[in-house]
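Asker: Mind looking at a prediction? Sequence and model below.
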Amino acid sequence: MTSSSRPTRITIDPTPTNGEGITRIRDDVDNSTLYPASGSNTPWEEKRLSFASGPSTAVNTPSAGEDKPFIFPSSAPLSRMTTRVSDISEKEGKEDLDEEFKEKEETVEQYKQDELQNGIQTPAENLVGELESYPSPTRAKLSKTKQIILGIVMMSTTFVASATNNSTLLVIPSIARDLGVTELQAQWVSSAYALANGCGLLLAGRVADLYGKKWLFLIGMSLFVVFNIISGVIRNYIAICVLRAFAGLAISISLPAAFGIIGTTFTEEPGRTMAFSALALGYPVGGGPGMIFAGLIAGAGTRSWQFVFFILAGLALIPIVAGTFVIPRDPPQTITATTNRRIDWLGAFLITAGLCLFSFAITQSGLVENGWAQPYIGVCLGLSVALFLGWGFWEKWVATKTTIPPLVNMSIFSRYEWKVTSIICLSFCGYLSVSGWLYLTTIWYQNLKGDSPVMNAVHVIPAPVVGMTACIVVPLLAPRVKASYLLIIGGITTSIAQVLFAVAPVDLTYWACEFLSNCFLPFGADFTVGVGSVLISNLVNEDEQALAGALFQTGLQIASTVGVCCASLVQTSVTNQHSNLHMGLKDSFWLMAGFSWLSAIIAAITLRNVGLAKDIGTLVRGNELERQKGKQNQ
């Protein structure tokens, strides 16, 4: 073999699997020249091979019109091609084709060995370098039993988060009496948890998408267990507030990972919708029992409130143990396909600091006596707005001027006719209304009617019970009813729940309006979380699943904070102006009803062309292709 010998460059054409394609393969191989004549000016002699495309070769197959070289590595010359074509030829009745390719394989193998011995050719892996594309590993499919267990494990995450929030609210009076602080100060035991929970979601979502969702989920839940155990031992007010903040941060690490695990594991319907509905089901399922066991424990003794945190730690062990076995390992392409896994730390700092200051200002305004008259509250709110704007400009600059991937690609908000933004906005308004209702009913029963915290929990227990039914209904209706219809129904029913309290006289029997309000309320929240999760997940790429979940959960957390703030401001202002607590509560309920109507209006306008929740990805991508074709034709 001389040094002027040149190998043949073979370009693959994707063609359908049929007899004509096999004939082309046979003719091209028979006519190809494996030992081209020397003296040519081109280093390669191009020969085009047509292979039958299929799922296993889709990644390596060039798109139509492309001319990409396919170089057989020295470790696997023509064996894959031989196997694939021989399988096809058996189906077509051409058994002799296998023998022909075996002869070609032996010839090419001998040719390459000669070149390597003479030091002429470099091994293909060194010559080609980094491949432009590579086959994605086959995703392991879970059995139905494991899918059910995995859905329960993911639901337990939101169950623990909801039980923690509701149970901590109910033991605030006990904490205040035991630690010798006011009830306004004791509310920070609960508020610190909610504040940290909302602030850590975005960074956790980005890290989960880059480095793996399973291990981040398990780490977050493990830290949650540790901080709850310590919270049950410490008896210092400041230390408990700090520990509750760390517990909220720990659960914020797990929630986006849980969303991403569902988005990447459940890829087929109706399992996908059912899994997201299970994630939403954890909120009402955890809310009711959380209030009940907290009320019972708080009434057992002066210091018994600390046992609430031990129970929460024990509940969090369930998803840790079960998740270790049933959560599938992250697909290799999720980790290796991202060549740049650096984190935009400045962007993470800007958005986290902005969320912290915003949540602090909103929360503190409802806890201090002077409210917004306190100068530092206005300063914190102004700084948070400035940080939000700075973060937005920084993310755009990072995406266009640097090689660091942005924490959040701002195009996600404008993608597909602003569908993601509209879903976040309608979910924000819907959840704001629900959180305001929860706060106002607490004032209604404990301050207006003089009920105990336990009786307060008994009066509102129908809401989480009906909420479980609403979450079960979502996977049954989502494959049959348009997504916009479900979201509109949710907004209308929640507004009815607000109006029933707004028009109810104080001395009216519980069953006339208050019970009905409990029954109508959950559909807004549960339809929003269940259907909204499916819509958000289907609108983003696979490597954005946890981030999308973080955006969605952040919107809900901020809505909860703003809902309590708006309800508290209106109720306090009207009450002080007219010296009538009932009037203040009525006006606040009407405001919450307005937010519910706004949620339904946004859904009706922005999602009017959307069919079923599972089809939104196909719809928006089809519209995008049509627009691109229209621009090209122009």
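Answerer: Received the coordinates, thanks. Numbers count the residues shown, from 1 in each chain.

Asker: Leu150 against Phe325, yeah?
Answerer: No. Between Leu150 and Phe325 there is no contact under C-beta atoms under 8 Å: 9.9 Å. In this view, the C-beta of every residue, glycine as well, is placed from N, C-alpha and C.

Asker: More neighbours: those two, which one.
Answerer: Between Leu150 and Phe325, counted using other C-beta atoms under 10 Å, Leu150 has the larger neighbour count: 23 against 10.

Asker: what residues are shared contacts of Leu150 and Phe325?
Answerer: In terms of C-beta atoms under 8 Å, 6 or more residues apart in numbering, Leu150 and Phe325 are not both contacted by any residue.

Asker: So which bits of the strand or helix carrying Ser384 are buried?
Answerer: In this structure, Ser384 sits in helix 375-401 according to DSSP states H and E. Across helix 375-401, burial judged by 16 or more other C-beta atoms under 10 Å covers 377, 380-381, 384, 387-388, 390-392, 394-395, 398-399.

Asker: so who does the closest residue to Pro522 other than its chain neighbours touch?
Answerer: Excluding the flanking residues, the one nearest Pro522 by C-beta to C-beta, 6 or more residues apart in numbering is Gly467, at 3.5 Å. Applying C-beta under 8 Å, 6+ apart, one finds that Gly467 lies in contact with Tyr283, Pro284, Val285, Gly287, Pro522, Ala525, Asp526.

Asker: give the contact list for the first one.
Answerer: Residues near Tyr283 by C-beta under 8 Å, 6+ apart: Thr158, Phe159, Ala161, Ser162, Gly467, Ala525, Asp526, Val529.

Asker: Most neighbours of all those residues, which one?
Answerer: Among the contacts of Tyr283, the one with the most neighbours (other C-beta under 10 Å) is Val529, at 30 neighbours.

Asker: Name the SS class of the closest residue to it other than its chain neighbours, please.
Answerer: Leaving aside its sequence neighbours, Val529 sits nearest to Ala280 (C-beta to C-beta, 6+ apart; 3.8 Å). Here Ala280 is helix, with the state taken from DSSP: H, G, I helix; E, B strand; the rest coil.

Asker: next one: the one 4 residues further on
Answerer: Taking three-state DSSP as the rule, one finds Pro284 in the helix state.

Asker: you'd agree it is up against Asp526?
Answerer: Yes. The pair Pro284 / Asp526 is scored as a contact, 6.6 Å apart, by C-beta under 8 Å.

Asker: where do the contact lists of those two overlap?
Answerer: Gly467, Ala470, Cys471.

Asker: between those, which is nearest Gly212?
Answerer: Distance to Gly212 across the shared contacts of Pro284 and Asp526 (C-beta to C-beta) is lowest for Cys471, with 28.2 Å.

Asker: how many other residues sit next to the closest one?
Answerer: So Cys471, with other C-beta under 10 Å, has 27 neighbours.

Asker: ok, now the one 3 residues further on?
Answerer: Other residues within reach of Val474, judged by other C-beta under 10 Å, total 27.

Asker: Make sure it is actually in contact with Ala275.
Answerer: No. Val474 is beyond contact range of Ala275, at 11.1 Å (criterion: C-beta under 8 Å).

Asker: so where's the stretch 251-400 of the chain uncertain?
Answerer: Residue ranges of the stretch 251-400 of the chain with pLDDT under 70: 331-341.

Asker: one more time with 50
Answerer: By pLDDT under 50, the low-scoring segments of the stretch 251-400 of the chain are 334-338.

Asker: Please enumerate the helices of it.
Answerer: For the stretch 251-400 of the chain, the helices defined by DSSP state H, counting those that start in this stretch occupy 271-298, 307-326, 332-336, 345-365, 375-401.

Asker: Next SSE downstream of the helix or strand containing Gly491?
Answerer: Taking DSSP H and E as the definition, Gly491 sits inside helix 483-503. Remark: after helix 483-503, the chain's next helix or strand is helix 514-520, criterion DSSP H and E.
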